[in-house]
Structures are given as C-alpha cells and as structure tokens.
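> Return atomic coordinates for the entry below.
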Amino acid sequence: LGQSLFPLLVTSPVFCGNAKKGKKALAKADELVAQKKYWSAYQLLDKTDPDNENSTLFLKKADIVQNYFLFNIMNQIFCIDDLPADKSVEELRGQEEASGCHTVMLAIDSIAERLLLKEPDNAQIYRCLGDFYTSAARRFGDQWIEPTTTTGLMARARDYYLKANNLGMNNAEITATVAESYLYQENYRDARRCFAQAIALSADTIANYHYNMALAHYFDTDSGDFATAALHAAIAARHYPQGSDYQYDALYILGMSQMRANNPLQAIASFDKANAISPNRNYLLFSMIEAQLKAQSPEWRTTAKTYLKLFSDNTDLTSRLPELLAQTDSTKLDDLITILAEQMQNTSDQLQMANLNLATAQIYMYSPDKSKARSFLLKAKNFFSRNTDEYDNISGYINQLLKHAK
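Now for the predicted structure:
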C-alpha cells in the first residue's frame, strides 16, 4: 500500500498545484523584498498561506517582519511598509515619518513550535526560533513580555541554534550567536571556543566576531589574555566602518587591553584614535589619564584639566581622580591638588566648587597628616548639607571622612 500510495501523492494535481503556487509566491516575494516592497511581499505570502501551514512561506514572513520592521512591539507586533527607493529601513525605523505603516501580528514562536510538530528535523525552523529569541534579548531584554532576563532569552536562543547545528546547519552566524549567549552568561571559555569556530567558518573577516572575542578575553579574569584581546580588538577596529561608533568601541577595548598588557604607550595611541572619532567621553579620558601616568607622560596633567573642566559638576567622576592617582602614581597627588585649585579659580558654580573641594580633601586623606583635609571637607559639606534631598549619601560620606580627618 505504501509503495502504491506514494506516486499518487506526488502526482496529485492539488499537491503539485499548491507546491507550484508556493514556489511562485516565494519567488515573487523575493523580488518585492529586493525592491523594498516589504508590505506587498508579506501580503502576497499571507494570502498564499494565511494559516501558516507552509513552513517555507512562514519562514519568509518571519524574515520580513524581523529584519524589515519599522516598529517592533515585543517581537509580536510588527509595522512594515513598502519603502521609496531612496529610503532605507535603518533611516526610517522608529521615526515619525514611518508612523503610518501597516501593522502585522505574527506569533513567530508559537507558529514555529506548531510547525516543528510536523517537521521535527527542519533546521530552518530551529534557526528561526533562535533568531526570534536573540532579537527579543537584544531589543527588549529584561523588559520582554515574559518574566525572564536577557541572559535567559539568549540561553533559550542558544538551545534552538544548537538543535539547528545538530541537524547540519553549521555556519558562522549561528556559531557566533551561540558564542554571544555564552558571553552574556560570562562563560568566557565557551564564548572564546565558539567565536574561534565562527571566525574559522567565515569566508570574510567579520569585525563583530573579533570584537566579541576581545571581550571574552578582556573580561575573563581567570584565563583571559590581554595581549590576545588586543590582537582581536585591533582586527575589529580595522574592519569596522571608519569613524563609526563600532570602531570607537573597538579602539577603546584595544587601548584598555594594551594598558592591562603593560603597553601604556600603545594604549595612549589607541585612545587618541578613539577620541578623534568621539571626543571627550568621560571614561575614555579617565583611562587616558591612567595610561599617561603609567607611561610617565606629562600629558596626564592636560588630560586631567580637560576631564575636570568637563565633568567637575559630577561628584562621582570628580572623586574618582584622587583614587586613580593614589593607586597608579601617588607621587603625582600634589600636582593634582594644584590642578584642582586652578579649576576652583575658574568656576563660580557651587556644585563644581563643592566637588573640587571634596576631591582635594580625598587627596589629603591619603597623606600622613589627614587634618589638612578637614577645611576642604567642611567647605564641601556646606554645599551638600544644604541640598540633603539630592545629596544625602554624599553628606553621609563626608561625615565619615571628617571622623578620620584628624
């Protein structure tokens, strides 16, 4: 019976007609997507397969809403549209100009799970679920509709990707996303193993893979290697678009890795390149000061002045400088007192003045004669105690210092 039934199935006019109709719709949808007619492509596929019984057509619909949405609500509701030839999804996404787009409700997760009951060996469906949960993690994280975390969503995505991998779908993109899920979990060893596989599988150099490999080394305090982190960060910096935020981040991690690998002069050069892309971010200037101190470069004074000029209205950022110098080169603390005094002469802002006084007091707290800190602490306290609602924790910190400023 089985032998005689099979020819009837494959030659059935209805079966063949549906298959041809599905292939034709898929081919036409691909044409429309290439023309940026995402809404028209989705409509065509939905009309052809309204109940999402054809996994190939469903996967194409999922691809359209996930990759070409203008608005995305919890990875369940998507807004898509046909775009003009001179516009791109990236420039319209989330903009008021795109507010009139068409709304699509597509429960990708539940539909995919239903299709897997019929096609348990379909690696593409597992890949789709992996992409779905990766997207939910990256876009919504802990704020997603389920009571879960970014790490939990990435772990769920990894399970589906590994199932796709076991069914023969072994490519760089999937392997890199699996590696990323390990990175979220701070499982740096497995992250490095998978990023290394993704790099080996890639025909081209993918900057993201090298950047994440650098992170997997840099943040691993047990078995990471700063020199290797610097190597991969340098590759990422070369292959990211020139002047982009991505290149900035790669250069910053490169500089931090070089500094931790005891190459402060190289770190300074990397920080300079990053600063040229996006000048005077507080954490970069702070790291630059550390590198300059380690390299015995007198330029640390200029950088410290810039840092204080820009951020002395931030108590935490100002207070970090004395601790940095005390830990890196305590012989420069007197120089920092001079710099702080110059900044006080150049400001009339009460908050800045209080922060500068507090930082000066912190320096004296490192000295044998801590009583010198007292007058600066009292000046700072005079401001913060008058604004207790906003600065209650700082006032408490100053009171603790005053107990030891004797």
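> contacts, neighbours, all on C-alpha from now
Fine.
> I'd like the next helix or strand past the one helix or strand L57 maps to.
Using DSSP states H and E, the element containing L57 is helix 55-67. Using DSSP H and E, the helix or strand that directly follows helix 55-67 along the chain is strand 71-73.
> list the helices and strands that next one packs on?
The contact analysis (3 or more C-alpha pairs under 8 Å, 6 or more residues apart in numbering; DSSP states H and E) places strand 71-73 against strand 77-80.
> So which elements touch the strand it packs on?
Strand 77-80 is packed against helix 55-67, strand 71-73, strand 102-105, with contacts defined by 3+ C-alpha pairs under 8 Å, 6+ apart.
> List the buried residues in it.
Across strand 77-80, burial judged by 16 or more other C-alpha atoms under 10 Å covers 77-80.
> Identify the farthest-apart pair in these.
The most widely separated members of the buried residues of strand 77-80, counting by C-alpha to C-alpha, are I77 and I80 (10.0 Å).
> Quick check: neighbours shared by these two?
Shared contacts of I77 and I80, defined by C-alpha atoms under 8 Å, 6 or more residues apart in numbering, comprise 103-104.
> hang on, the earlier thing: using JSON lines, lay out the buried residues of strand 77-80 together with pLDDT and distance to K370.
As requested, the buried residues of strand 77-80 are exported to JSON lines (pLDDT from 0 to 100; distance: C-alpha to C-alpha, whole Å):
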{"residue": "I77", "pLDDT": "95", "distance to K370": "62"}
{"residue": "F78", "pLDDT": "96", "distance to K370": "62"}
{"residue": "C79", "pLDDT": "96", "distance to K370": "63"}
{"residue": "I80", "pLDDT": "96", "distance to K370": "65"}
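> Which of these sits closest to K24?
I80 (22.1 Å).
> That closest one bridge partners, please.
Counting by DSSP bridges, I80 is bridged to H102.
> Now do the contacts for it.
Taking C-alpha under 8 Å, 6+ apart, one finds 38-39, 65, 68-71, 101-104 in contact with I80.
> Report the buried members of the residues you listed.
38-39, 65, 68-71, 101, 103-104.
> quick check, nearest of these to Y160?
V65 (19.6 Å).
> Over stretch 172-192, what's the mean pLDDT, rounded is fine.
Averaging pLDDT along stretch 172-192 yields 94.
> ok, and what's touching it?
127, 134, 150-151, 154-155, 157-158, 161-162, 193-195, 197-202, 209, 212-213, 216-217, 219-220, 223.
> In helices, which of those fall?
Counting by DSSP state H, the contacts of stretch 172-192 place 127, 134, 150-151, 154-155, 157-158, 161-162, 193-195, 197-201, 209, 212-213, 216-217 in helices.
> Of the residues you listed, select the buried ones using a ChimeraX command.
To isolate the buried members of the ones in helices among the contacts of stretch 172-192 in ChimeraX, using 16+ other C-alpha under 10 Å:
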select :127,134,150,151,154,155,157,158,161,162,193,194,195,197,198,199,209,212,213,216,217
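> which residues in the stretch 201-350 of the chain form helices?
207-218, 226-239, 245-260, 264-277, 282-294, 300-311, 315-328, 333-345, 350-365 (DSSP state H, counting those that start in this stretch).
> Of those, give the one that comes closest to S55.
For the helices of the stretch 201-350 of the chain, the distance to S55 is smallest for helix 207-218, at 30.3 Å, taking C-alpha to C-alpha.
> The closest one relative to helix 226-239, how many degrees between them?
160 degrees (axes from the mean of the first three to the mean of the last three C-alpha atoms, to 10 degrees).
> Export only the CA atoms of helix 207-218, formatted as CSV.
Taking C-alpha atoms only, helix 207-218 is exported to CSV below (Å, rounded to 0.1, in the frame of the first residue of the first chain):
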residue,chain,number,x,y,z
ALA,A,207,34.6,42.7,12.8
ASN,A,208,31.9,41.7,15.4
TYR,A,209,33.3,38.2,15.9
HIS,A,210,36.8,39.7,16.6
TYR,A,211,35.4,42.4,18.9
ASN,A,212,33.4,39.9,20.9
MET,A,213,36.4,37.6,21.1
ALA,A,214,38.4,40.5,22.5
LEU,A,215,35.7,41.0,25.2
ALA,A,216,35.8,37.3,26.0
HIS,A,217,39.5,37.6,26.8
TYR,A,218,39.4,41.0,28.4
